[in-house]
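Asks: below are the sequence and a predicted model for it; my questions follow.
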2 protein chains.
Amino acid sequence: MKHMLIAQSGGPTAAINATVAGVVERCLTSDKVDRIYGAVNGIKGVINGHYIDLTDTFASPEQLDLLCHTPSAALGSCRLKLNNADESQLKQIVDALIAKNIGYFVYIGGNDSMDTVDKLSAYIKAHNIQDLYVMGAPKTIDNDLPETDHCPGFGSAAKYIAATFTEIVRDCEVYDIPAVTIVEIMGRNAGWLTAASALSRENGGSGPQMIYLCERAFDTEKFIADVKEKLKTKNAVVVAVSEGLKNADGSYLSESKGRAVDVFGHAALSGTAKVLEGLVKDRIGCKARSIELNLMQRCASHLASANDLNESKMLGMTAADRALNGISGQMAIIVRKENEPYRVVYTTADVSLVANYEKKVPDEWINAEGNDVTEEMLEYLRPLVRGEVTTAARNGIPVHLDLYREGK
Amino acid sequence: MKHMLIAQSGGPTAAINATVAGVVERCLTSDKVDRIYGAVNGIKGVINGHYIDLTDTFASPEQLDLLCHTPSAALGSCRLKLNNADESQLKQIVDALIAKNIGYFVYIGGNDSMDTVDKLSAYIKAHNIQDLYVMGAPKTIDNDLPETDHCPGFGSAAKYIAATFTEIVRDCEVYDIPAVTIVEIMGRNAGWLTAASALSRENGGSGPQMIYLCERAFDTEKFIADVKEKLKTKNAVVVAVSEGLKNADGSYLSESKGRAVDVFGHAALSGTAKVLEGLVKDRIGCKARSIELNLMQRCASHLASANDLNESKMLGMTAADRALNGISGQMAIIVRKENEPYRVVYTTADVSLVANYEKKVPDEWINAEGNDVTEEMLEYLRPLVRGEVTTAARNGIPVHLDLYREGK
């Protein structure tokens, strides 16, 4: 019998380990799989032969559950884009898989990882290699992969952002003096996560007052006018912005001329929110503050979306299922059937349709003024953040699962 | 019968509303109180007569529970330090209280608020005013008030910091390339919150690798040496620093010479972590990143410590109890009797012993190298973060309580 190999790639999320759990569950309930291996640090671990045997670890249902609630990539990650120039790298990977008697390989990741799945499966087909099936499972908080309705990891990050805004907005509202708080959210080219801040108003929360996505060119004068208008009726103005906001000429706001210089005289790429904080102080003169949600938005397992974790697991199961059935070069995807009640189906798409494309927020889901999102966007987002998770804690501190210990 | 008045002051916390709930519970179970009022925006609301009648709202046990899990100051806050020069301001406040038939006033806050309680109670005594009792209840995430073993709000912020470090450390560990992540934690003069990052190692977490508190002079060369040493055995080095780190000459690190200049040419006070990020890039040359836990560390109700919320409520009850029994000019405090099992008693201290003092981390709770905390510090911290809370959510988003709507 052949073995299953799982690897993770790209930026971590709060749900990427649930996808590993899905692959493991599908294998544990199949009679076609001998051992279940994880490669450490993605495709790098495949090349270097750095494998962990997961079969016995996950014979324990508790460990499998703990895996689902452990943030970040439990198998480690990498940012390796395969060399396009020649096939030697692909040959190296395939030879390594065959040597280890791997029959099924599920690679969990974003764009670059799907490019790897695409190239690997094409190589296997072109060289007529038998009994080796490579499938992709999506992962990215950015939600920018095409074909799938949404991406595993996005719902949890969106929930973290929405919940955190409910708290930040309340914090900002306690004083009766004008103050502008600008919160920067991940997303260089796609504003999905920034849009999720709108959900913080669902249960009566008052903010954010304005939301600017990176899909629309940012107009500094319009922004200042928007803020001034809000300050007429409210002291605490909270604004959500994408890190990737761009000026009309396409340059990033964070690359503004005369940008920050650090203590060593290097040009320091100031955050987008920091630039806007300076702008508000300069042009309006009131108190201004900037906040970056930084890594917390992608690794906050304690605030994961139960729907997201469930879907992430189901996509791992789907990818594993197809590999076990002799399918290669596809990525597991979610098709949404209905918003309310929320219903989805799990299927696959040709991975070549996914690799190297970016799905952006449709322009019609941004309001005419360019400073908020529309009801259609909210309808899309709402089901994705639903469901609370219960995470393990000992003495008040979260308990996570270690599959290996990072070190040199 | 006289009325109870409650007000909140200073920076918000995740537990300050639990103290309001404690005052309310004590009053609802007493036969000495007619109505329970809240003043909006602290002592400012007392002066301006901006009161909310809370009596009927909190006849509902659900609302009282929701209050405990609502972050930030539900009654609003202020940063008003009373004028020392003359008594006219004190007279104005006392006249306002008498006019409204207030017999008991509990002011919840930090240093400045306790100064207000001190001055008010001294004024009432000096002018022989009858039937008006003013008590203080502590609140500050900084944990820097004397007399009380620890401060309400600190445990929840400490838990947020420890839990968030468990997640950030895992996020940082996924890649096999050297990278230094510097996380900045609130605290200008006291490093209690920064110390709490050490709790993230309690359940097997590997970081932070170094912890620098603002109580010790920061030595840049030692810091670089510490980081270089850690990088020998580990790729992902995570460092916790107090925002208030100071150089040997007493200047703040964030005020370093040649500091950042924003896009408008203003000297921008760069964060302490940002300064250190630049230092690591400059001196070591590896990947470096900085994170500020910002407002999230003080308003993350969803991750509050159950022990902290319980104690915060008990201190509100204690303060109210003493006022109802004709005591003035005291602050409710926690006395720790034992660490394991954790036991405390609630009593009061003369507010003049609290106002205008700052409790710092004892030097012996910092290790000899100045880059971590000692076991005594951990023993002090452990009980404070214990206990998970269940917060209300609707459609995946937290539900909070609105007592008034901020606006102009």
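Replies: It's in. Numbers count the residues shown, from 1 in each chain, chains lettered A, B, ... in the order given.
Asks: contact residues of the stretch 51-200 of chain A facing chain B?
Replies: Residues of the stretch 51-200 of chain A that fall close to chain B, judged by CB under 8 Å from any CB of the partner chain: A:70-73, A:76-79, A:159, A:162-164, A:166-168, A:170-176, A:181, A:199-200. C-beta coordinates here come from the backbone N, C-alpha and C atoms, glycine included.
Asks: could you redo the last one with a cut-off of 7 Å?
Replies: Residues of the stretch 51-200 of chain A lying close to chain B (CB under 7 Å from any CB of the partner chain) are A:71-73, A:76-78, A:159, A:162-164, A:166-168, A:170-171, A:173-176, A:199-200.
Asks: now, the residues you listed that are in helices?
Replies: A:159, A:162-164, A:166-168, A:170-171 (DSSP state H).
Asks: what's the distance between the residue lying closest to A:Asp34 once chain neighbours are set aside and chain B?
Replies: In space, and not counting its chain neighbours, A:Asp34 is closest to A:Met1: 4.0 Å by CB to CB, 6 or more residues apart in numbering or on different chains. Separation of A:Met1 from chain B (CB to the nearest CB, to the nearest Å) stands at 31 Å.
Asks: isn't A:Met1 right next to A:Arg35, touching?
Replies: No: A:Met1 lies out of contact with A:Arg35 (CB atoms under 7 Å); the separation is 8.7 Å.
Asks: neighbour count: these two, which is higher?
Replies: A:Arg35 (18 against 10; other CB atoms under 10 Å in any protein chain shown).
Asks: what packs against whichever strand or helix holds that one?
Replies: Using DSSP states H and E, the element containing A:Arg35 is strand A:33-39. Strand A:33-39 makes packing contacts with strand A:2-8, helix A:16-28, strand A:51-53 when contacts are defined by 3 or more CB pairs under 7 Å, 6 or more residues apart in numbering or on different chains; DSSP states H and E.
Asks: mind checking the pLDDT average for stretch A:213-220?
Replies: Averaging pLDDT along stretch A:213-220 yields 97.
Asks: where do the helices sit along the stretch 201-350 of chain A?
Replies: A:220-231, A:272-283, A:296-299, A:306-324 (DSSP state H, counting those that start in this stretch).
Asks: touching chain B at all, the last one?
Replies: If I follow you right, that is helix A:306-324. No: Helix A:306-324 stays clear of chain B (CB under 7 Å from any CB), getting no nearer than 7.8 Å.
Asks: kindly report the same for stretch A:391-398.
Replies: Yes: legend: contact between stretch A:391-398 and chain B by CB under 7 Å from any CB is shown at A:393-398.
Asks: again with stretch A:374-389
Replies: Yes: with CB under 7 Å from any CB as the measure, stretch A:374-389 is seen reaching chain B through A:382, A:385-388.
Asks: which pair of those spans the longest distance?
Replies: Largest separation among these by CB to CB: A:Arg382 and A:Glu388, giving 15.0 Å.
Asks: who wins on neighbours among the residues of stretch A:374-389 next to chain B?
Replies: Result: A:Val385 is most packed of the residues of stretch A:374-389 next to chain B (other CB under 10 Å), 29 neighbours.
Asks: isn't it right up against B:Gly396?
Replies: Yes: counting by CB under 7 Å, A:Val385 does reach B:Gly396; the two are 3.9 Å apart.
Asks: could you tell me which residues touch both of these two?
Replies: Common contacts of A:Val385 and B:Gly396 (CB atoms under 7 Å, 6 or more residues apart in numbering or on different chains): A:159, A:305.
Asks: shaky segments in the stretch 101-250 of chain A?
Replies: Applying pLDDT under 70 to the stretch 101-250 of chain A flags no residue at all.
Asks: domain ranges for chain A?
Replies: A:2-153+A:300-357+A:387-398, A:156-299 (automatic domain parsing).
Asks: off-centre distance for the longest one?
Replies: The gap between where domain A:2-153+A:300-357+A:387-398 is centred and where its chain is centred comes out at 14 Å by CA atoms, centre = their mean, to the nearest Å.
Asks: again with the last one
Replies: Its chain's C-alpha centre and that of domain A:156-299 lie 20 Å apart, by CA atoms, centre = their mean.
Asks: and A:Leu324, how far from A:Thr57?
Replies: 20 Å (CB to CB, to the nearest Å).
Asks: so for the two, which residue has more residues nearby?
Replies: A:Leu324 (20 against 16).
Asks: contact partners for the more buried one?
Replies: Residues counted as contacts of A:Leu324 (CB under 7 Å, 6+ apart) are A:30, A:32, A:104.
Asks: can you pick the most crowded of the residues you listed?
Replies: A:Tyr104 leads the contacts of A:Leu324 on contacts (other CB under 10 Å) with 30 neighbours.
Asks: quick check, it in a strand?
Replies: Yes: according to DSSP: H, G, I helix; E, B strand; the rest coil, A:Tyr104 belongs to a strand.
Asks: list the contacts of the closest residue to it other than its chain neighbours.
Replies: What sits nearest to A:Tyr104 in space, not counting adjacent residues and going by CB to CB, 6+ apart, is A:Ala323, at 3.9 Å. Residues near A:Ala323 by CB under 7 Å, 6+ apart: A:104, A:106, A:133, A:135.
Asks: of those, closest to B:Thr140?
Replies: B:Thr140 has its nearest neighbour among the contacts of A:Ala323 in A:Val106, at 49.6 Å by CB to CB.
Asks: before we move on, the earlier item: can you select the buried ones from the contacts of A:Ala323 in PyMOL?
Replies: In PyMOL, this line selects whichever of the contacts of A:Ala323 come out buried by 16 or more other CB atoms under 10 Å in any protein chain shown:
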select buried, chain A and resi 104+106+133+135
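Asks: so how far is chain B from the residue nearest to the spatial centre of chain A?
Replies: In chain A, the centroid-proximal residue (CA atoms, centre = their mean) is A:Ile141; its distance is 1.5 Å. Counting by CB to the nearest CB, the separation of A:Ile141 from chain B is 11 Å.
Asks: beta partners of A:Val33?
Replies: Beta-bridge pairing for A:Val33 (DSSP bridges): A:Lys2.
Asks: circling back: report pLDDT for the residue nearest to A:Tyr104.
Replies: At A:Ala323, pLDDT is 98.
Asks: okay, A:Ala85: pLDDT?
Replies: At A:Ala85, pLDDT is 69.
Asks: neighbours of A:Lys403, just the number please.
Replies: Actually, residue A:403 is Leu. It isn't Lys. A:Leu403 has 19 nearby residues by other CB under 10 Å.
Asks: same thing with A:Asn48?
Replies: 13.
Asks: show me what contacts it?
Replies: No residues are in contact with A:Asn48 under the rule CB under 7 Å, 6+ apart.
Asks: put the alpha carbons of stretch A:60-79 into CSV.
Replies: What follows is stretch A:60-79, C-alpha atoms only, in CSV (Å, rounded to 0.1, in the frame of the first residue of the first chain):
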residue,chain,number,x,y,z
SER,A,60,-5.7,9.8,19.2
PRO,A,61,-8.9,11.8,18.6
GLU,A,62,-7.8,14.3,21.2
GLN,A,63,-4.7,15.1,19.3
LEU,A,64,-6.6,15.5,16.1
ASP,A,65,-9.0,17.9,17.8
LEU,A,66,-6.1,19.8,19.3
LEU,A,67,-4.5,20.1,15.8
CYS,A,68,-7.7,21.8,14.5
HIS,A,69,-7.4,24.5,17.2
THR,A,70,-3.6,25.0,16.9
PRO,A,71,-2.8,28.2,14.9
SER,A,72,-0.2,28.6,12.2
ALA,A,73,1.2,25.7,10.1
ALA,A,74,1.9,22.8,12.4
LEU,A,75,4.1,21.2,9.7
GLY,A,76,5.9,24.5,9.1
SER,A,77,5.8,26.4,5.8
CYS,A,78,8.0,27.8,3.0
ARG,A,79,7.8,30.4,0.3
